[in-house]
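Asker: How does the following fold in three dimensions:
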Amino acid sequence: MHHLVGPIFNKPMPEAIVLLAEAHDYLVAWATEATADLKAAPPHRWGIQAKRSTVEFPGKRPTLIQKASERFGEVMNIAATLERLIDALSWFEQQPAFSRLIVLECHPSTSHTLDANDLVLSDKSGIVRVRCEVSDVVARTAHQNNKEKLDLTALGITGTVPNDGARRFLAVSSEFAHALANPRRAWQRLPYRYSWIPAHSDHLTTLLEVISADLPPA
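Answerer: The predicted model follows:
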């Protein structure tokens, strides 16, 4: 089954960012067209029609776009995820500790393979140095939809943070980051902590590095 936005494998970070940006801008352009079409919907049925409306992708599509159409709501969700991914990758690219890494794999639509993450960076020999889960959860509580537990499990954190040479991150909305890193949480019961990193100057995307409770925040 094809995903709306296909995966990226073994690409330099600048090239991956370009591919993601092309896909994002294409989706936004056609979703905007679909939004304009909704102006013709009867006001008392706008919500029903908008929820079921389809965005068509005619003509030549960017490399990563794998479908000819998709539901409007799904396009909106994927566009938000792409924005988080681009913010995260741009931050990693600018940091000396990560700038020479390559995108081993990137799954904008889903982590659909065993042991896969939304974003994995490796050194040139293929050793994984970064694992990152990306989401656009709109929530002010840490346990919304069990998302934190699911993402930590995907990162291989079911107890203590693995000491395997790979650093682990969550790329999330600022409001969800505040909920996850809330100092009032029962941290004494948890084997991990979060180190807070603004991934973009507008503070809409936050990177939370997951570190062992035994280590001080970076």
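
Asker: Show me the shaky parts of the protein.
Answerer: Applying pLDDT under 70 to the chain picks out residues 1, 111-114, 215-218.

Asker: Name the residues that touch the longest helix seen in it?
Answerer: In the chain, with assignment by DSSP state H, the single longest helix is helix 13-37. Here helix 13-37 makes contact (CB atoms under 8 Å, 6 or more residues apart in numbering) with 4-5, 8, 11, 53-57, 61-65, 72, 75-76, 78-79, 82-83, 85-86, 89-90, 92-93, 99, 101-103, 106, 108, 121. Just so you know, the C-beta spots here come from the backbone N, C-alpha and C atoms, and that holds for glycine as well.

Asker: List the buried residues for that helix?
Answerer: If you call a residue buried by 16 or more other CB atoms under 10 Å, then helix 13-37 has these buried ones: 13, 16-17, 19-21, 23-24, 26-27, 30-31, 34.

Asker: got a list of what the residue nearest to the spatial centre of the chain touches?
Answerer: Note on the chain: the residue nearest the mean C-alpha position is V134, at 2.6 Å, using CA atoms, centre = their mean. Applying CB under 8 Å, 6+ apart to V134 gives the contacts T81, R84, L85, A88, D118, L119, L170, A171, V172.

Asker: so the fourth one touches L119, yeah?
Answerer: When you say that, I think you mean A88. Yes: taking contacts as CB atoms under 8 Å, A88 lies within contact range of L119: 6.5 Å.

Asker: shared neighbours, those two?
Answerer: Contact criterion CB under 8 Å, 6+ apart; residues shared by A88 and L119: C132, V134, A171.
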